[in-house]
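Student: Compute the structure for the input listed below.
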Amino acid sequence: MRIAIIGGSGFIGKWFIKEFGDKYKCVIFGRRKDVNELKIAGEKYKYIRTDFSKDQLVKQLEGFDAVIHLAAKRFEPQEKMEEYLQNIKISSNLFEACKTLGIKNVIHLSTIGVYSAEEELPWTESQNVNPSTFYAISKLAIEKVANYYNKKHKMKIKNLRVAQVLGVGEREGFMLSVFLEKALDKKTLTVYGKGEGRREYIYVKDVVNAIQRALEVHNEEGIFNIGINKNISHKELAETINKVFENSNNIKILNEYSEDKSIQLMSIDKAKQMLKWRSHWTLKEALFDMKTILINDS
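Tutor: The predicted model follows:
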């Protein structure tokens, strides 16, 4: 199967190629200039620079069997909706190009962020959603565009609503990455309030396995939650990371600070039934695996 990985030079794209580059003929698409190939896990992969216009994508995607759509402006705090409109435009052009070429097998990575704390837990794909960030609004809009192409043009676009991803190579600056960095350096982890908010995390190896399963299930379409069906409090996360990275008891609880007490939890029954996929990595197992990778890379 010849697969175009749109935005494939990023965190998840590279991990997909590391895990499945020997199974498929993968070609990476992106905006980088003066790059014809990328070396990933010791192997070279073709890189195609695109402007993401429909006309150029039609020319560049000819001959491909499937598309993995990972290209998007990532979430950043305190930004404006205008900055995320490009996500919708790129996706619309991509779906139109795939329709023109008859490429029906398309995987789009969406986000757990389309759900909100006001909705009943665990979140299911059939619930009404109410995103609380501009990034998540753009992802929900893309899901709606995909649904239009599925219904009107009989495409098989699958939107994977992915829980918060952890893995080696993920960008820095968020709570999880801050905790990991501090634990590695044997520094104190700081938890605001009582650390009661709960998040659902998923290891990147589980995510790329879900993408691979979605690729192989050609005749399915629609929205699928991709998580581990478990969540963990901020305090428990800090404790678990410290235990794995041998930084035990090095936590400071700042009770006087306000905290985010919102809770995340998705049902993954639909993905189990229709994609024949399930998560394999617990949070602790994922952290131990990351620890091994980080030690070997150091």
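
Student: shaky segments in the stretch 51-200 of the chain?
Tutor: Applying pLDDT under 70 to the stretch 51-200 of the chain picks out residues 173.

Student: try 90 this time
Tutor: 73-80, 83, 117-119, 132, 170-177 (pLDDT under 90).

Student: just the helices in it please.
Tutor: With DSSP state H, counting those that start in this stretch as the criterion, the stretch 51-200 of the chain has helices at 54-60, 85-101, 134-153, 175-184.

Student: would you turn those helices into CSV with distance to residue 11?
Tutor: Glycine gets a C-beta too; all of them are placed from N, C-alpha and C. CSV is the format used below for the helices of the stretch 51-200 of the chain (distance: least, CB to CB, whole Å):
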stretch, distance to residue 11
helix 54-60, 23
helix 85-101, 17
helix 134-153, 15
helix 175-184, 11
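
Student: and residue 73, which of these is closest to it?
Tutor: helix 85-101 (5.6 Å; CB to CB).

Student: next one: that closest one to chain centre, how far?
Tutor: Distance of helix 85-101 from its chain centroid, counting by CA atoms, centre = their mean, to the nearest Å, is 19 Å.

Student: Just want the angle from it to helix 134-153.
Tutor: Angle between the axes of helix 85-101 and helix 134-153 is 20 degrees (criterion: axes from the mean of the first three to the mean of the last three CA atoms, to 10 degrees).

Student: so what secondary structure elements neighbour helix 85-101?
Tutor: helix 54-60, strand 66-69, strand 105-111, helix 134-153 (3 or more CB pairs under 8 Å, 6 or more residues apart in numbering; DSSP states H and E).

Student: Repeat the analysis, applying 6 Å as the threshold.
Tutor: helix 54-60, helix 134-153 (3 or more CB pairs under 6 Å, 6 or more residues apart in numbering; DSSP states H and E).

Student: coming back round to it: out of the helices of the stretch 51-200 of the chain, which is closest to residue 284?
Tutor: Closest among the helices of the stretch 51-200 of the chain, using CB to CB: helix 175-184, at 13.3 Å.
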